[in-house]
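J.: Sequence first, then the predicted structure:
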Amino acid sequence: QVQLVESGGGSVQAGESLRLSCAASGSITSPNVMGWYRQAPGKQRELVSLIASGGATDYAESVKGRFTISRDNTKNTVYLQMNNLQPEDTAVYYCYIKLILGRRDYWGQGTQVTVSS
């Protein structure tokens with residue numbers, strides 16, 4: 001089992017920044033992929049950004065140039081630096097990890113990000 005604990009959500013004004021963190025613990029194997037999804041009210045959960053244990057990254061088009069994902073493999077922690085936040089970024093952000101060898105996925109409990117104009 002793997003546990004994911006997110007932190008760093010909150011309420012900000014448009015144009016401001018937030019940094020999300022997610023610490024993974026438990027039976028973590030490599031290679032793996034960690035990242036973030038988000039779900040706005042009335043919408044489906046969507047990919048925000050992923051980062052592989054080797055460092056390759058992927059971003060949704062809507063966040064490219066504004067969000068930066070990074071990870072510390074020694075701490076099994078993934079970060080999401082969100083700059084120039086916009087009201088459309090308002091959502092619950094979920095941390096995610098995929099264990100490649102065991103083909104298992106795990107989710108965090110979610111952290112709310114609210115951006116007002």
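T.: Cool, the structure landed.
J.: Which pLDDT value belongs to residue 17?
T.: pLDDT recorded at residue 17 is 98.
J.: if I pick it, what's in contact with it?
T.: Contact analysis of residue 17 by Cβ atoms under 8 Å, 6 or more residues apart in numbering lists 81, 82, 83, 84, 85. Just so you know, the C-beta spots here come from the backbone N, C-alpha and C atoms, and that holds for glycine as well.
J.: and the most centrally placed residue in the chain, backbone torsions?
T.: Residue closest to the mean C-alpha point of the chain, counted by Cα atoms, centre = their mean, is residue 36 at 2.4 Å. Taking degrees, to the nearest 10, you get phi -140, psi 140 for the backbone angles of residue 36.
J.: what's the closest non-adjacent residue to it?
T.: residue 48 (4.3 Å; Cβ to Cβ, 6 or more residues apart in numbering).
J.: Secondary structure element for the one you found, which one?
T.: strand 46-52 (DSSP states H and E).
J.: so how far is that strand from its chain's centroid?
T.: Remark: strand 46-52 is offset 7 Å from the chain centroid, using Cα atoms, centre = their mean, to the nearest Å.
J.: what's the next helix or strand after it packed up against?
T.: Using DSSP H and E, the helix or strand that follows strand 46-52 in sequence is strand 57-59. Counting contacts by 3 or more Cβ pairs under 8 Å, 6 or more residues apart in numbering; DSSP states H and E, strand 57-59 is packed against strand 46-52, strand 67-72.
J.: Sheet partners, orientation included, of strand 57-59?
T.: strand 46-52 (antiparallel) (DSSP bridges).
J.: buried stuff in the strand it pairs with?
T.: 48, 49, 50, 51, 52 (16 or more other Cβ atoms under 10 Å).
J.: Touching it from outside, list them.
T.: By Cβ under 8 Å, 6+ apart, the list of residues contacting strand 46-52 reads 31-39, 57-60, 63, 67, 69-71, 78, 80, 93, 96.
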